[in-house]
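S.K.: What follows is a protein structure lacking sequence information:
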């Protein structure tokens with residue numbers, strides 16, 4: 001292990017960031033009231049505000065500004081966006097609202113990283129000069145779309161929210177694109193997508209004249225995006241509510257809507273309803289798309305029902321149209337959850353309640369499985385550990401006459417992943433070489449899977465070699481996932497210096513660290529006994545607006561101090577957690593319990609157990625504090641019980657083991673018996689203790705006897721001649737030991 005002194009000397013701790021890696025600041029409008037509270041959006045409208053930037057009365061200055069605007073507008077009309085940007089950046093005068101809006105629009109249309117950075121710099125300048133109102137809603141909406149496509153979802157969301165706060169209704173194409181990105185993002189992205197959707201529809205409903213919101217009103221794509229958010233978090237009730245709101249806005253569900261419904265049924269653990277969704281699509285006269293069948297195969301694979309998935313794929317290979325009948329054949333083996341039928345009957349009003357003996361509908365045409373469907377089935381084989389079937393299917397796909405069924409880079413990546421999973425790195429590299437030979441080029445995901453395989457097998461040097469080959473031979477640059485894998489690999493070989501080096505290299509290259517990057521680096525310092533450096537990483541994470549600090553980061557910080565037995569410092573971190581709206585979870589308490597055991601402070605264990613006990617009792621309405629209920633795990637309770645048994649806190653130990661049994665955890669009686677026999681078998685055996693001392697120890701003795709009874713050791717509740725070992729003159733052991 002690298003010591004803190006050696007580490008600080010060999011690898012200086014520093015942070016580097018390029019302008020492109022810095023997060024865009026949250027978008028905010030100044031306090032400004034438009035002439036109409038909800039102005040409509042028009043594609044070619046550029047409103048000239050009454051507020052003038054220049055207050056000079058010099059005619060020559062005004063003429064110069066007019067000439068600059070004319071020259072800039074001429075370049076924009078000629079679609080010479082780069083030249084227009086150059087002219088704008090070289091001028092000290094702020095162009096007219098028309099030029100500014102059009103420039104932002106055209107930069108957004110370019111959909112490049114450089115163009116987006118330029119558009120954001122215009123926003124920053126206008127914000128600094130309190131002139132953001134000079135941009136029209138079209139330009140802001142297009143910028144939001146461009147930011148969402150580039151992965152700057154937080155920035156795109158802030159634009160839409162600021163427009164709503166300022167009285168603008170963004171175009172549906174703009175705000176629905178942001179909702180779609182939020183729905184597919186992690187953390188609380190889907191929940192934020194629901195909030196944004198509700199904010200827009202609430203403002204649309206408030207308008208007395210519906211024509212004012214014609215361009216902002218949600219369409220089918222917008223509903224599909226928010227329904228996908230519901231499916232991703234498994235919120236069936238909200239999905240039904242939004243599904244029933246579609247007619248209010250003149251929107252009808254399409255095939256994508258029902259594809260999302262298949263995902264919802266899978267998240268709700270309703271395998272029995274999957275085929276009913278397909279039947280509903282056919283009953284509504286909607287033609288399924290190939291994605292419909294991919295969603296079904298993916299759902300069955302998710303349920304680990306490979307038999308149904310195989311039957312479906314084989315039926316598609318044979319050109320059969322009675323897939324509904326084939327899927328129904330497995331009805332008898334599928335369990336149902338009738339409690340949710342009242343909800344699903346609103347989505348599938350006929351199918352859920354009808355007699356399943358009626359003739360199922362047939363497909364309007366045949367559908368051949370494509371490489372995506374085959375690859376999904378291969379992922380099921382991989383999940384089930386059937387590597388040979390993965391390789392066999394790859395060979396079968398190569399022999400297909402239909403080019404759409406030939407293996408692509410996703411298929412080969414799945415094979416590589418299956419081989420890496422079983423530790424066959426050489427075969428995985430052979431597949432990579434074969435991809436290059438037949439012209440199916442590997443992408444970054446393929447290389448990241450190989451990197452992870454080498455790191456998991458502690459072959460860090462081969463991982464570094466692969467990283468160099470990736471850049472030199474294919475020109476593929478590593479991303480944040482690549483560096484996260486390498487940082488984690490360094491941790492596995494106890495190389496915190498290497499982890500920091502890769503983190504700094506990533507930032508130097510302009511790659512923004514993710515939440516995983518920060519927490520993984522914190523883990524490196526926590527495991528190497530350097531909690532202060534972990535704290536420094538945490539402080540940097542708090543400053544980074546691109547990432548959201550979660551309980552994992554807080555727990556890693558607590559872990560760093562607890563590994564050294566620094567209980568007070570860990571408790572201070574937990575207090576900061578509470579002040580920032582985070583409650584300790586099982587992981588937090590587990591680290592603290594381990595730290596208490598290391599520091600040998602059993603009194604702290606009693607305080608910790610009392611807090612855990614109170615939060616456990618919330619499930620039964622035991623307390624009324626704001627902290628959420630807690631379900632402890634085996635590791636936490638076993639550690640606390642171990643501390644209490646060693647410290648002879650038998651009453652608390654009995655409470656803890658009772659909690660373990662209530663939660664379906666089997667206490668390790670063998671371990672506790674060994675501890676008791678080795679440490680406490682001669683308790684209360686002295687014949688010379690004063691009566692006062694014996695009285696004080698009466699409760700502890702009673703608890704000890706109860707604990708021995710639970711362990712099955714001889715105790716005062718039943719007679720026995722059992723002796724741990726002969727003790728001369730010990731005639732009181734049988735009564736009190």
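M.R.: Perfect, thanks for sending it. Every value quoted in this text rests on a predicted model; they were computed, and no experiment measured them.

S.K.: which residues does the residue nearest to the spatial centre of the chain contact?
M.R.: Residue closest to the mean C-alpha point of the chain, counted by C-alpha atoms, centre = their mean, is residue 186 at 3.5 Å. Going by C-beta atoms under 8 Å, 6 or more residues apart in numbering, residue 186 touches no other residue. (Each C-beta comes from the backbone N, C-alpha and C, glycine too.)

S.K.: what secondary structure does it sit in?
M.R.: Under DSSP: H, G, I helix; E, B strand; the rest coil, the three-state class of residue 186 is coil.

S.K.: quick one: the helices in the stretch 551-700 of the chain?
M.R.: Assigned by DSSP state H, counting those that start in this stretch, the helices in the stretch 551-700 of the chain fall at 551-562, 567-579, 586-599, 602-617, 634-646, 650-662, 669-680, 691-696, 698-711.

S.K.: So which of these is nearest residue 383?
M.R.: Distance to residue 383, taken as C-beta to C-beta, is lowest for helix 551-562 among the helices of the stretch 551-700 of the chain, at 25.0 Å.

S.K.: Now do the closest one against helix 567-579: the angle between them, please.
M.R.: If you take axes from the mean of the first three to the mean of the last three C-alpha atoms, to 10 degrees, helix 551-562 sits at 160 degrees to helix 567-579.

S.K.: And the contacts of helix 551-562?
M.R.: Outside helix 551-562, the residues touching it (C-beta under 8 Å, 6+ apart) are 515, 518-519, 522-523, 525-526, 530-531, 534-535, 538, 541, 567, 569-570, 573-574, 576-577, 582, 585, 587-588, 591-592, 594-595, 598.

S.K.: In terms of secondary structure, what does the stretch of helix or strand residue 89 belongs to contact?
M.R.: Using DSSP states H and E, residue 89 sits within helix 81-90. Where contact means 3 or more C-beta pairs under 8 Å, 6 or more residues apart in numbering; DSSP states H and E, helix 81-90 is packed against helix 59-77, helix 97-110, helix 113-128.

S.K.: Repeat the analysis, applying 7 Å as the threshold.
M.R.: helix 59-77, helix 97-110 (3 or more C-beta pairs under 7 Å, 6 or more residues apart in numbering; DSSP states H and E).

S.K.: what's the spacing between residue 537 and residue 327?
M.R.: 51 Å (C-beta to C-beta, to the nearest Å).

S.K.: rank the helices of the stretch 551-700 of the chain by pLDDT, which is bottom?
M.R.: Among the helices of the stretch 551-700 of the chain, helix 691-696 has the lowest mean pLDDT, at a mean of 62.

S.K.: Mind pulling the model confidence for residue 445?
M.R.: 91.

S.K.: Mind telling me what element the spatially closest residue to it that is not a sequence neighbour is part of?
M.R.: By the measure of C-beta to C-beta, 6 or more residues apart in numbering, the closest residue to residue 445 outside its immediate chain neighbours is residue 413, 5.7 Å from it. Per DSSP H and E, residue 413 falls inside helix 409-421.

S.K.: which strands and helices sit next to the helix or strand that that helix is followed by?
M.R.: Going down the chain from helix 409-421, the next helix or strand is helix 425-438, by DSSP H and E. In terms of contacts (3+ C-beta pairs under 7 Å, 6+ apart), helix 425-438 is packed against helix 409-421, helix 444-456.

S.K.: Many thanks, I have nothing further to ask.
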